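*Asks:* Have a look at this fold, sequence not included:
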């Protein structure tokens, strides 16, 4: 056996088959052999096996059960099934259970060797892509807020900076941009996530009801006050109070809110007894509070109390590069919620989404994706499955960058499914880098001054891997062409 080579486990109750495969593979792989399921499981549990090649029938043992056990391991091997009793049904069943491929006896040893190499290449690409995606997610997301645009990176950095403090936060932005998500992120990263996050939609309540909702009331404080009521400030004691659409509150409520923010003291409606509270306030608005201050409809002192830290949520039309990652998230989330497998977009969908201005922002995008997931009755979500107004959008900017699902399969570009009938060749399976990975690589190169060794270190991959990815992205070819033309 050779060291520092991929490990292959051969499981077959026929000795000449085991030995023939071992002799064929041992020049390139670290080969283990087993004659039954018990021996195979012993290797799987104690040796790091990259590929398992197992017979479907192992004397008294069942190769399918061995497949199931192997795939339950923390680091499961790529599994290839082999049998002299091949049929479409057994092939389908093996693939359904998680086998990577299925071959029949008598074996073509060259074909088996190529299959193993293809399996290892695919596993390596999946691991590299997963690593890049995790780096992207750590950098460009926080508590469900997704974005790779410069504007959203600034929002995420500000959230991470301000959340652990006690500072009051004012979130400004159009409806549908995700202001409530930001408030939740601030709360969960605040150091008091176990405490309550209490929300109040100020625009949905009349002034009298809003005052009672915020501060509570005593029995008999007004007509219909049949019993004492605890307000939202008291409910949020020790936690966070989110005041949505803060620009809609009336003048008298603004005065009481100012005292609550400044002194952390409230009084229930109908009472003069002060109640001490410990509440962190996060407010949001889609209105221009500075202009309202100038117009005299919003108190200036309250305005400055609220905007200790201001977060501006940009509209989706100003951060269209985020559409890709948002589509990935919504496609997976909505498909799972509806009991469906995530489907890819047809080629014409993404350009239309990128060309549209999204007046309803992220909320509208989610609605559109949900419409597509629910209405699609084909293998891909096509433009006709989206709301009708999108079918009139011109061709857009021609992007065809794929977005990957949580299971490492691209959702925005087609990828052939592997099956037992896929022909074997030496050409590498075409797996496009998703858009997020390309953005990460470009940023790493920019930050390292185009030093590829340093960029590879930043990305946590080898320089050779980076070279290959750059070639796949066409960046090496384009740079050489520009240099030659210059």
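*Replies:* Here it is on my side, so go on. If you're wondering where the values come from, they're calculated on a predicted model, not measured in any experiment.
*Asks:* how close does residue 10 get to residue 333?
*Replies:* When distances are taken as C-beta to C-beta, to the nearest Å, residue 10 and residue 333 turn out to be 41 Å apart. From N, CA and C alone the C-beta is placed, and that goes for glycine too.
*Asks:* now swap in residue 22 and tell me
*Replies:* With distances defined as C-beta to C-beta, the gap from residue 22 to residue 333 amounts to 46 Å.
*Asks:* now residue 463
*Replies:* Applying C-beta to C-beta to residue 463 and residue 333 gives a distance of 36 Å.
*Asks:* which of these two has more neighbours?
*Replies:* Between residue 463 and residue 333, residue 333 has the larger neighbour count (other C-beta atoms under 10 Å), namely 17 against 13.
*Asks:* element containing that one?
*Replies:* Taking DSSP states H and E as the definition, one finds residue 333 inside helix 323-337.
*Asks:* Okay, buried residues for that helix please.
*Replies:* Of the residues in helix 323-337, those scored as buried under the neighbour-count criterion (16 or more other C-beta atoms under 10 Å) are 323-335.
*Asks:* same check, this time on stretch 6-22
*Replies:* Along stretch 6-22, the positions that meet the burial threshold by neighbour count (16+ other C-beta under 10 Å) are 6-13, 17-18, 20-22.
*Asks:* swap in stretch 220-232?
*Replies:* For stretch 220-232, by 16+ other C-beta under 10 Å, it's 221, 229, 231, 232.
*Asks:* From these, which one has the minimum pLDDT?
*Replies:* Among the buried residues of stretch 220-232, residue 221 carries the lowest pLDDT, at 83.
*Asks:* So that one lies in a strand, does it not?
*Replies:* No: residue state for residue 221 (DSSP: H, G, I helix; E, B strand; the rest coil) corresponds to coil; a strand is not indicated.
*Asks:* My guess is it contacts residue 269. True?
*Replies:* Yes: the criterion here is C-beta atoms under 8 Å, and residue 221 meets it with residue 269 at 4.7 Å.
*Asks:* Turn the buried residues of stretch 220-232 into CSV, columns for distance to residue 57 and secondary structure.
*Replies:* Shown next, in CSV, are the buried residues of stretch 220-232 (distance: C-beta to C-beta, whole Å; DSSP: H, G, I helix; E, B strand; the rest coil):
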residue, distance to residue 57, secondary structure
221, 80, coil
229, 72, strand
231, 71, coil
232, 67, helix
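*Asks:* Okay, now the unreliable bits of the stretch 301-450 of the chain?
*Replies:* Of all residues in the stretch 301-450 of the chain, those with pLDDT under 70 make up the ranges 391-440.
*Asks:* could you pull out the strands for it?
*Replies:* When secondary structure is read from DSSP state E, counting those that start in this stretch, the stretch 301-450 of the chain shows strands at 309-313.
*Asks:* Partner strands of the strand or helix carrying residue 171, with direction?
*Replies:* Counting by DSSP H and E, the element that carries residue 171 is strand 169-173. Strand 169-173 has the following sheet partners, assigned by DSSP bridges: strand 280-285 (parallel), strand 309-313 (parallel).
*Asks:* Next, the buried residues of the helix or strand following it.
*Replies:* Moving toward the C-terminus from strand 169-173, the first helix or strand encountered (DSSP H and E) is helix 179-188. For helix 179-188, burial by neighbour count (16+ other C-beta under 10 Å) applies to 179, 181, 182, 183, 184, 185, 186, 187, 188.
*Asks:* Which of these sits closest to residue 32?
*Replies:* Proximity of those to residue 32, judged by C-beta to C-beta, is greatest for residue 188, which lies at 46.2 Å.
*Asks:* what sits against residue 258?
*Replies:* Residues counted as contacts of residue 258 (C-beta atoms under 8 Å, 6 or more residues apart in numbering) are 299, 301, 302, 305.
*Asks:* just the residues you listed now: which is nearest residue 36?
*Replies:* Out of the contacts of residue 258, the member with the shortest distance to residue 36 (by C-beta to C-beta) is residue 305, at 74.1 Å.
*Asks:* Count the neighbours of the closest one for me.
*Replies:* Once other C-beta under 10 Å is used to define contacts, residue 305 is seen to have 19 neighbours.
*Asks:* So the spatially closest residue to it that is not a sequence neighbour: helix, strand or coil?
*Replies:* The spatial neighbour of residue 305 that comes closest, neighbours along the chain excluded (C-beta to C-beta, 6 or more residues apart in numbering), is residue 261 at 4.7 Å. Recorded secondary structure, residue 261: helix (three-state DSSP).
*Asks:* quick one, helices of the stretch 351-486 of the chain?
*Replies:* Remark: helices of the stretch 351-486 of the chain, listed N- to C-terminal, are 361-375, 435-447, 452-459, 463-473, 475-485; assignment by DSSP state H, counting those that start in this stretch.
*Asks:* now swap in the stretch 201-350 of the chain and tell me
*Replies:* 207-215, 232-235, 251-263, 289-295, 300-306, 323-337, 349-355.
*Asks:* residues touching the most centrally placed residue in the chain, list them.
*Replies:* If you average the C-alpha coordinates of the chain and look for the closest C-alpha using C-alpha atoms, centre = their mean, you land on residue 329, 5.1 Å from that point. Under the criterion of C-beta under 8 Å, 6+ apart, the neighbours of residue 329 are residue 146.
*Asks:* The chain should start at 46 in everything you say after this.
*Replies:* From this message on, residue numbering opens at 46, which makes the last subject residue 374.
*Asks:* That one and residue 79: what is the separation?
*Replies:* Distance check for residue 374 against residue 79: by C-beta to C-beta, it reads 42 Å.
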